[in-house]
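*Asks:* When you get a sec, could you give me coordinates for this:
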Amino acid sequence: FEKYPSLQGGFIWDWVDQTILKSNDSGKEYWAYGGDFGAEFAENDSNFCANGLVAADRSLNPHIYEVKKVYEPVKFSFNTDDNSLTVKNKYDFIDLNHLEFTWEIMGKGEIISSGIFETDGVNPGAKEVVILPLPELNSLKNAEYFFNIKACLKEDQALLDKGHLIAWGQFILMDFSPITAPPENKIELGLLEIKESATQVIITNQQNDILIFDKVSGSIKSWRFRGEKLIQKGPEPNLWRAPTDNDLGNGMPQRCAMWRNAATDWKLVNIDIQKTVHSVTMIVESKHNHSSSRMRLEFTYSTNGILAVKESLNIIQNDLPEIPRFGLKLTLPADFDQLNWFGRGPHESYWDRKISAPIALYSGSVWEQTFPYIRPQETGHKTDLRFMALSNDKVGLMATGKKLIEGSVHQYPYSDLDYIPKSQKHGLLDIKPKDQVDWLIDYKQMGVGGDNSWGARTHKQYTLPAQNYEFSFQLIPFKVGDNIFKIYEQGQK
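*Replies:* Residues are numbered from 1 along each chain as shown. The predicted structure is shown next:
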């Protein structure tokens, strides 16, 4: 709508969820939709009217942040050559004198430098270029640095308080690249103790951390760090996402059903163990039951205690449906309920819905990452991740890659979000914390779409066609209290 002057903007259906507050027999409140009102309303469209930017009580749904970002009345562009910031006023009738402008440079999750700048008001529809006194870029080393701009209200208004954020911008001062770090000295790390039998390989490093490869199932049987159990299950391939309302509308669950059950739809064909004094690699190869596709997993455990994971998908046929996501899933003990991530946030973000989520260092509980949609579905995804780390009160586990990754965490089996026809499930009733944490680590998940919810598919550029993919990342255990960026640097050596 900005490209063509005759267009006013995007008109979104709906503004508000059309649901009714009810209570179950235990007195717990939930948002009722079609099918919750007995025989009097036997004919209904299920949750078709629960598609608002805000809930029925006017609390915010996650997608409203994307709308606010797109609709911002002030736009910014930045030139790193001369530190010039262009401020564009998109209001039709007022200038920008009611706004206070601030800037900051963020590196490793901390504010390195900040300041306030002024404009000459910027008339409606006009632009102004401001030269900012930023530090020299060559002084910013060994990390990514971000230049953030905010425009906030100077004074209270009728509906908004002083300091309310009206518009913001974020610019990467240097393109993403792995943090440089000196190479490890393998001699100082010592040798691995390796005990192999017909069914398993037990690997112990110099710190007495133990990882066990299962040679029968091709999985990790156990992994302990400083005596603490790190994982209960996985990592295992995961190509499915709990269908969104848009997915149901365009038939994704039926069209892509062959990718749904990674645990049962792939037949193990070979396991190979490769050993040196400094690392052990288990290579697991599987064949897809519903096509001629092949999957290859490589797990490499090294003397530094890091587990490197590589997933490769080889698609042979050319007539297969798109893949909802490409990644892996692992299950951790329930006490790994604290999350830190360096990527987009704080709200959920997706491939085609992420410009409203600035890149920063965020933290919160695992449970807080789930948004209780009216009907349970995909939720809590995070994009453009530099790292993602789960922890209890003693130890943690970080996922990081040489390239950006995606992921989500859930205080319940991820399958609880899946769609069951005629199940009449509710996010506030049926999604409850359970005795585990499911962690999904992805190369990509396809976009959520939204041109309409009755047939339109995700745009092609945000879709994962059935083709060959390769995805690598590292899992790094750590002690709680260690510097999280130092841990991140370990994964970049």
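*Asks:* Just the helices from the chain, written as ranges.
*Replies:* 64-71, 186-189, 245-250, 252-255, 262-265, 427-430, 484-490 (DSSP state H).
*Asks:* The ones you listed: which one's closest to residue 331?
*Replies:* helix 262-265 (11.9 Å; C-beta to C-beta). C-beta here means a position set from N, CA and C on the backbone, and glycine is covered the same way.
*Asks:* Could you check the top strand by length along the chain and say which residues are buried?
*Replies:* Scanning the chain for the strand with the most residues, using DSSP state E, yields strand 395-410. Buried residues in strand 395-410, counted by 16 or more other C-beta atoms under 10 Å: 395-401, 404-410.
*Asks:* what lines up beside it in the sheet?
*Replies:* strand 382-391 (antiparallel), strand 437-445 (antiparallel), strand 469-479 (antiparallel) (DSSP bridges).
*Asks:* Report the distance from that strand to the chain centre.
*Replies:* Centroid separation between strand 395-410 and its chain, computed with C-alpha atoms, centre = their mean, to the nearest Å, is 9 Å.
*Asks:* returning to that earlier point: tabulate the helices of the chain (JSON lines), appending mean pLDDT and distance to residue 389.
*Replies:* Putting the helices of the chain into JSON lines (pLDDT from 0 to 100; distance: least, C-beta to C-beta, whole Å) gives the following:
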{"stretch": "helix 64-71", "mean pLDDT": "95", "distance to residue 389": "24"}
{"stretch": "helix 186-189", "mean pLDDT": "60", "distance to residue 389": "22"}
{"stretch": "helix 245-250", "mean pLDDT": "95", "distance to residue 389": "29"}
{"stretch": "helix 252-255", "mean pLDDT": "96", "distance to residue 389": "31"}
{"stretch": "helix 262-265", "mean pLDDT": "86", "distance to residue 389": "24"}
{"stretch": "helix 427-430", "mean pLDDT": "96", "distance to residue 389": "26"}
{"stretch": "helix 484-490", "mean pLDDT": "89", "distance to residue 389": "6"}
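*Asks:* May I see these arranged in a markdown table, with mean neighbour count and distance to residue 440 as well?
*Replies:* Below are the helices of the chain laid out as a markdown table (neighbours: other C-beta atoms under 10 Å; distance: least, C-beta to C-beta, whole Å):
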| stretch | mean neighbour count | distance to residue 440 |
| --- | --- | --- |
| helix 64-71 | 16 | 21 |
| helix 186-189 | 12 | 31 |
| helix 245-250 | 21 | 16 |
| helix 252-255 | 15 | 17 |
| helix 262-265 | 14 | 12 |
| helix 427-430 | 16 | 18 |
| helix 484-490 | 19 | 20 |
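*Asks:* Out of these, the one nearest residue 351 is which?
*Replies:* helix 64-71 (12.3 Å).
*Asks:* Which strands or helices does the closest one pack on?
*Replies:* Identification of packing neighbours for helix 64-71 by 3 or more C-beta pairs under 8 Å, 6 or more residues apart in numbering; DSSP states H and E yields no helix or strand.
*Asks:* who touches it?
*Replies:* 9-10, 12, 53-54, 347, 353-357 (C-beta atoms under 8 Å, 6 or more residues apart in numbering).
*Asks:* with the residues you listed in mind, which one is nearest to residue 86?
*Replies:* Distances from residue 86 to these, taken by C-beta to C-beta, are shortest for residue 355, at 17.9 Å.
*Asks:* Next, the contact list for the closest one, please.
*Replies:* 66, 69-70.
*Asks:* Now render those residues as a markdown table, adding distance to residue 229.
*Replies:* Shown next, in a markdown table, are the contacts of residue 355 (distance: C-beta to C-beta, whole Å):
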| residue | distance to residue 229 |
| --- | --- |
| 66 | 39 |
| 69 | 41 |
| 70 | 45 |
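*Asks:* For the nearest residue to residue 485 once chain neighbours are set aside, the count of nearby residues, please.
*Replies:* Distances taken as C-beta to C-beta, 6 or more residues apart in numbering place residue 108 nearest to residue 485, at 4.8 Å, with adjacent residues excluded. Number of residues near residue 108 (other C-beta atoms under 10 Å) recorded here: 18.
*Asks:* same question, residue 280
*Replies:* Neighbours of residue 280 (other C-beta under 10 Å): 22.
*Asks:* again, but for the one 5 residues further on
*Replies:* The number of residues packed around residue 285, counting by other C-beta under 10 Å, is 19.
*Asks:* how far away is it from residue 470?
*Replies:* 14 Å (C-beta to C-beta, to the nearest Å).
*Asks:* Show me the shaky parts of the stretch 51-200 of the chain.
*Replies:* 137-142, 175-189 (pLDDT under 70).
*Asks:* Tell me which stretches of it form strands.
*Replies:* 74-79, 84-89, 99-107, 110-117, 127-131, 145-153, 165-172, 193-196, 200-204 (DSSP state E, counting those that start in this stretch).
*Asks:* ok, now which ones touch the most centrally placed residue in the chain?
*Replies:* By C-alpha atoms, centre = their mean, the mean C-alpha position of the chain lies nearest to residue 382, the distance being 1.5 Å. Residues near residue 382 by C-beta under 8 Å, 6+ apart: 341, 343-345, 348-349, 388, 406-408.
*Asks:* returning to that earlier point: dump the strands of the stretch 51-200 of the chain to TSV, plus mean neighbour count and distance to residue 485.
*Replies:* Formatted as TSV, these follow (neighbours: other C-beta under 10 Å; distance: least, C-beta to C-beta, whole Å):
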stretch	mean neighbour count	distance to residue 485
strand 74-79	16	25
strand 84-89	18	28
strand 99-107	18	9
strand 110-117	12	9
strand 127-131	14	31
strand 145-153	19	13
strand 165-172	17	17
strand 193-196	13	31
strand 200-204	18	28
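*Asks:* Adding distance to residue 372 as columns, could you present those in CSV?
*Replies:* Listed next are these as CSV, based on distance: least, C-beta to C-beta, whole Å:
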stretch, distance to residue 372
strand 74-79, 33
strand 84-89, 38
strand 99-107, 31
strand 110-117, 33
strand 127-131, 42
strand 145-153, 30
strand 165-172, 25
strand 193-196, 47
strand 200-204, 41
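*Asks:* Show me which of the contacts of helix 64-71 are buried.
*Replies:* Here, 16+ other C-beta under 10 Å leaves 53, 347, 353-354, 356-357 buried among these.
*Asks:* And the residue lying closest to residue 449 once chain neighbours are set aside, how far from residue 338?
*Replies:* Nearest non-adjacent residue to residue 449, counting by C-beta to C-beta, 6+ apart: residue 458, 4.0 Å away. Noted for residue 458: a distance of 32 Å to residue 338, by C-beta to C-beta.
*Asks:* between these two, which one's more packed in?
*Replies:* Taking neighbours as other C-beta under 10 Å, residue 458 and residue 338 compare with residue 458 leading, 24 against 17.
*Asks:* ok, the more buried one - contacts?
*Replies:* Taking C-beta under 8 Å, 6+ apart as the test, what residue 458 contacts is 246, 352, 446-449.
*Asks:* Out of those, the closest to residue 313 would be?
*Replies:* Closest to residue 313, out of all of the contacts of residue 458 and judged by C-beta to C-beta, is residue 446, at 14.6 Å.
*Asks:* Can you check the pLDDT for that closest one?
*Replies:* As predicted, residue 446 sits at a pLDDT of 98.
*Asks:* how many other residues sit next to it?
*Replies:* Counted by other C-beta under 10 Å, the residues lying close to residue 446 total 24.
*Asks:* and stretch 21-39, how far from the chain's centre?
*Replies:* Counting by C-alpha atoms, centre = their mean, stretch 21-39 comes out at 31 Å from the chain centroid.
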